[in-house]
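> from the sequence below, what's the structure:
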Amino acid sequence: MSLTPSGYHHRIMEDNLRLHLDTFGAVEVRGPKWCGKTWLSLSQANSVTNLDDPAIRAAVELDASLALRGEAPHLVDEWQEVPAVWDATRRAVDSTLGTYGRFLLTGSSTPSMDKVSHSGAGRIARLRMEPMTLVEQGLSSGAASIERLLLGEEIPSTQASLTLPDLASSICRGGWPAAQGRPEAVQNLVVSQYVEALCDSVAQKTNLDPALMRRVLYALARNDGGTASIETLARDALHGEEPTSADRAAITSYLAYLEQNYLVRNVGGWDAPVKSRARTRKRSKRYLVDPSLTAALLGYDAQRLLWDRQLLGILFESLCMRDLSACLCASTRLRQPSLFYYRDAYGLEADVVIELLDGRWAALEIKLDSTKADAAAANLLRLREKVTSNPLAQNPEPVFLGVIAANAPFFFRRPDGVYVIPAGCLG
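Now for the predicted structure:
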């Protein structure tokens, strides 16, 4: 019997986690703190070792194999606290080749690879987990399944009921399980304490400066969803002062820390040819992992956010990137989907491009206002024409094109073939 906690919310990752447990000897579930990794893993586990317990951690530091004792699937929570657990898990899997689903590992950060001797390839699968999506929060029907659209399946039109006030509240609450179903004041406190805990952990675990970390987080929030350079982020973090080379190096190290703790989502640039220089030369867009962090760092609650439509649109895009990433990570039928954005030298853009391993692709625009769907659809159709018009390149047609619109009342396919996807149907 699993150790499913009381009050556990169903997570869309469950099916994919079970699939990986049936395929590999061990599975690591990685993602930011408080996103629900432990509870998800407990729902599939029969025993557990908690390495955030100092007494248990001290014993495991002496003998890493102690962490692996228990009925399978056995969960080792926060394994990165004792990096030797990784190699111990890999050796235990090797000792019983052909036996699957023995271990679950959860990790909120990536330890330095000099602390492990083997990548775990072929033995330990990795799954990325995101904060809770609109579907998991009960705010979206999930009828407009991105997985089904990418597989070319027909989906009937359906009505959506998510309002802009609901959306603003969801953005400020975020996808943190601890904030769900609580009064608004408590929700805001959960998110602000997340930021405080993050800055405090910097002081406890690294030689980084908590005050500078807060300023770097603010700089990221101010540039959320943009392609700000290290120079720009450094200038914002230093109150407008001209950064030195040492300052730029410091900001780079703080960004690396946030990425290692799964708090920054990098979305690279896309072009249809796999070997296109654009894929490596375009700056990545950076998003904080959940839009609630940006709202909290900028000092916004739901009511204030409703009055600032520009920021609401920016944070709606961030929310969509979170949900799209989560949906793709949860899929059991797509072949290694990847998220990109598109922008060329002539001003043609698409907020999202999803590409599969076999070359199939789809493009999406994200709009707060459904009245902008016509312009967004025309933009996507121009992108399709550009990508597919060269017969020598033999680029495939997109599987689908879509406009995610926050306040659209219906999910439907327009006469030009472009889908309109309300936030209340996104899944």
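> please count neighbours and contacts with C-alpha atoms only from this point.
Noted.
> now residue 11, nearest residue through space, not along the chain?
The shortest distance from residue 11 to any non-neighbouring residue, by CA to CA, 6 or more residues apart in numbering, is to residue 136 (6.2 Å).
> for residue 110, give me the pLDDT.
Looking at residue 110, its pLDDT is 77.
> and it, how many neighbours?
16 (other CA atoms under 10 Å).
> I'd guess the residue nearest to residue 11 is in a strand, am I close?
No: judged by DSSP: H, G, I helix; E, B strand; the rest coil, residue 136 forms no part of a strand; its state is coil.
> let's see the strand or helix carrying residue 254 as CSV, backbone CA atoms only.
Secondary-structure assignment from DSSP states H and E places residue 254 in helix 245-260. C-alpha atoms of helix 245-260 as CSV (Å, rounded to 0.1, in the frame of the first residue of the first chain):
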residue,chain,number,x,y,z
SER,A,245,33.5,42.3,-14.7
ALA,A,246,33.5,41.0,-11.1
ASP,A,247,29.9,42.1,-10.7
ARG,A,248,28.9,40.3,-13.9
ALA,A,249,30.6,37.2,-12.7
ALA,A,250,28.8,37.4,-9.4
ILE,A,251,25.4,37.7,-11.0
THR,A,252,26.2,34.7,-13.2
SER,A,253,26.9,32.7,-10.1
TYR,A,254,23.6,33.7,-8.5
LEU,A,255,21.8,32.7,-11.7
ALA,A,256,23.5,29.4,-11.7
TYR,A,257,22.4,28.8,-8.1
LEU,A,258,18.8,29.6,-9.0
GLU,A,259,18.9,27.3,-12.0
GLN,A,260,20.4,24.5,-9.9
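> pLDDT averaged over the helix or strand that comes right after that helix, what's the number?
Counting by DSSP H and E, the next helix or strand C-terminal to helix 245-260 is strand 264-269. When pLDDT is averaged over strand 264-269, the result is 96.
> pull up the pairing partners for strand 264-269, direction included.
With DSSP bridges as the test, strand 264-269 is paired with strand 285-288 (antiparallel), strand 338-343 (parallel).
> what does that strand rub up against?
Identification of contacts with strand 264-269 by CA atoms under 8 Å, 6 or more residues apart in numbering yields 258-259, 278-280, 282-289, 339-343.
> give me the buried subset of those residues.
Burial by neighbour count, 16 or more other CA atoms under 10 Å: within these this picks out 258-259, 278-279, 282-289, 339-343.
> how much does the host helix or strand of residue 378 deviate in direction from strand 338-343?
Element membership for residue 378 (DSSP H and E) is helix 373-388. Calculated by axes from the mean of the first three to the mean of the last three CA atoms, to 10 degrees, helix 373-388 forms an angle of 100 degrees with strand 338-343.
> which elements pack onto helix 373-388?
strand 349-355, strand 361-367, strand 400-405 (3 or more CA pairs under 8 Å, 6 or more residues apart in numbering; DSSP states H and E).
> cutoff 7 Å now
strand 400-405 (3 or more CA pairs under 7 Å, 6 or more residues apart in numbering; DSSP states H and E).
> got a pLDDT number for the nearest residue to residue 358 once chain neighbours are set aside?
Nearest residue to residue 358, sequence neighbours excluded (CA to CA, 6+ apart): residue 335, at 7.3 Å. Residue 335 carries a pLDDT value of 89.
> tell me the confidence at residue 201?
83.
> next: the one 10 residues further on.
At residue 211, the predicted lDDT confidence score is 93.
> secondary structure class for it?
Going by three-state DSSP: residue 211 is helix.
> spatially nearest residue to it (excluding sequence neighbours)?
residue 199 (7.6 Å).
> run a quick neighbour tally on the one you found.
With other CA under 10 Å as criterion, residue 199 counts 19.
> now do the one 10 residues further on
Other residues lying near residue 209 total 13 when counted by other CA under 10 Å.
> ok so, going back, list of residues touching the helix holding residue 254?
109-110, 213, 230-231, 234, 264 (CA atoms under 7 Å, 6 or more residues apart in numbering).
> which residues does the residue nearest to residue 211 contact?
210, 213-214.
> can we see that at 10 Å?
193, 208-214, 217 (CA atoms under 10 Å, 6 or more residues apart in numbering).
> which of those residues count as buried?
208, 210, 212-214, 217.
> out of those, which one sits closest to residue 62?
Among the buried ones among the contacts of residue 199, residue 208 lies closest to residue 62 (CA to CA), at 28.1 Å.
> circling back to that earlier point, chain center to the helix holding residue 378, what's the gap?
26 Å (CA atoms, centre = their mean, to the nearest Å).
> buried residues, it. List them.
373, 376-377, 379-381, 383-384, 387-388.
> okay if I get those residues as CSV plus distance to residue 4 and pLDDT?
Shown next, in CSV, are the buried residues of helix 373-388 (distance: CA to CA, whole Å; pLDDT from 0 to 100):
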residue, distance to residue 4, pLDDT
373, 43, 96
376, 43, 98
377, 44, 98
379, 46, 97
380, 44, 98
381, 46, 98
383, 46, 96
384, 46, 97
387, 47, 93
388, 49, 92
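> export these as a markdown table, with columns for distance to residue 315.
Shown next, in a markdown table, are those (distance: CA to CA, whole Å):
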| residue | distance to residue 315 |
| --- | --- |
| 373 | 18 |
| 376 | 18 |
| 377 | 21 |
| 379 | 21 |
| 380 | 22 |
| 381 | 25 |
| 383 | 24 |
| 384 | 27 |
| 387 | 29 |
| 388 | 32 |
